[in-house]
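[1] Pasting the sequence and the predicted model now:
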Amino acid sequence: MSDKPLKDRVTLVSSDMLADDWVPLVKHTIDYERRDGRRERLTREVYNRPDACAVLPYDSARGTVLLIRQLRLPVFLKGDEEPMWEACAGVIENEDPEQAITREAIEELGYQLHDLHLVTAMYASPASFGERVWCYTATYEPSDKVASGGGASGEGEDIEVVELAFDNAYARIATGEITDAKTILLLQHLKLSL
Ligand SMILES: Nc1nc2c(ncn2[C@@H]2O[C@H](COP(=O)(O)OP(=O)(O)O[C@H]3O[C@H](CO)[C@@H](O)[C@H](O)[C@@H]3O)[C@@H](O)[C@H]2O)c(=O)[nH]1
Ligand SMILES: [Mg+2]
């Protein structure tokens, strides 16, 4: 078996743009040297979504968390027709991840959060997306509500903010109601840290 590092076994041959509307979808052709030394030519399609951030806010005095619900079209089209349960999340624009999640929390939840804690920066679906999601927990209390939340209606966002007892939210993983990976990760992280 080869002990060459991966970077010396991958050669980019070509990159063809298949779509470039919302974000680019690019078909890459590479020459790949397998671990056994054999060479092969592969194609892989990469959907270049930007990095993102997500947050699970927790009020320890009341034992509650804030989640959101909204339409996610790929999920809806697969037949999961209830609004998706998720942690507040958004794309990182020209800002650092903490600034991004602070902004998203005000836009989507209507809350100014405190004690941001980075749990992990994960690749949610690495076969097709280079997108890395910076996942945070945070604290909040009722007096931190500073805006209406709900997302940017001008951009088609229609976000329902739901406050739940943590145990109620956590139980919805087992029932199959909560299926979003970053949300499950954050709820499980909080469960382990309580
Ligand atoms: N025109 C157009 N607009 C889009 C499209 N996809 C998303 N948008 C708009 O782009 C904005 C993105 O909102 P954000 O809050 O920044 O991102 P998000 O949709 O919540 O996505 C976040 O969560 C996803 C699920 O975990 C992540 O995949 C994503 O990277 C990000 O973290 C929304 O206004 C949405 O309407 C599209 O294909 N076309
Ligand atoms: Mg969002």
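    Great, that's in hand. Ligands and ions are numbered 1, 2, ... in the order given.

[2] drop to CA atoms for contacts and neighbour counts, all remaining ones
    Noted.

[3] Give me every residue in this protein lying close to ligand 1.
    Proximity of the chain to ligand 1, by Cα under 6 Å from any ligand atom, involves residues 22, 52-53, 89-91, 155-157.

[4] and the nearest residue to residue 159 once chain neighbours are set aside, what is it in contact with?
    Using Cα to Cα, 6 or more residues apart in numbering and skipping the chain neighbours, the partner closest in space to residue 159 is residue 150 (4.4 Å). Listed by Cα atoms under 8 Å, 6 or more residues apart in numbering, the contact set of residue 150 reads 107-110, 157-161.

[5] which residues pair with the residue nearest in space to the middle of the chain across the strands?
    In the chain, the C-alpha nearest the mean C-alpha coordinate belongs to residue 133, at 4.7 Å (Cα atoms, centre = their mean). Assessed by DSSP bridges, residue 133 has beta-bridge partners residue 52, residue 122.

[6] What pLDDT does the model give it?
    At residue 133, the model reports a pLDDT of 98.

[7] Pretty sure it sits against residue 49.
    No. Using Cα atoms under 8 Å as the test, residue 133 is too far from residue 49 to be in contact (10.6 Å).

[8] Please list the residues of this protein that sit near ligand 2.
    Neighbours of ligand 2 within the chain, by Cα under 5 Å from the ion: 89-90.

[9] Show me the chain divided up by domain.
    6-47, 52-193 (automatic domain parsing).

[10] and the end-to-end length of the first one?
    Meaning domain 6-47. End-to-end span of domain 6-47 (Cα to Cα, to the nearest Å): 22 Å.

[11] Just the C-alphas of the biggest helix by length in the chain, formatted as PDB.
    Longest helix of the chain, by residue count under DSSP state H: helix 181-193. Once non-C-alpha atoms are left out, helix 181-193 reads as follows in PDB (Å, rounded to 0.1, in the frame of the first residue of the first chain):
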ATOM      1  CA  ALA A 181     -28.100  16.600  11.400                       C
ATOM      2  CA  LYS A 182     -26.800  19.800  13.000                       C
ATOM      3  CA  THR A 183     -29.800  20.000  15.200                       C
ATOM      4  CA  ILE A 184     -29.400  16.500  16.500                       C
ATOM      5  CA  LEU A 185     -25.800  17.100  17.100                       C
ATOM      6  CA  LEU A 186     -26.400  20.200  19.100                       C
ATOM      7  CA  LEU A 187     -29.300  18.700  21.200                       C
ATOM      8  CA  GLN A 188     -27.100  15.600  22.000                       C
ATOM      9  CA  HIS A 189     -24.200  17.900  22.900                       C
ATOM     10  CA  LEU A 190     -26.400  19.800  25.300                       C
ATOM     11  CA  LYS A 191     -27.800  16.600  26.800                       C
ATOM     12  CA  LEU A 192     -24.200  15.400  27.500                       C
ATOM     13  CA  SER A 193     -23.300  18.700  29.100                       C
END
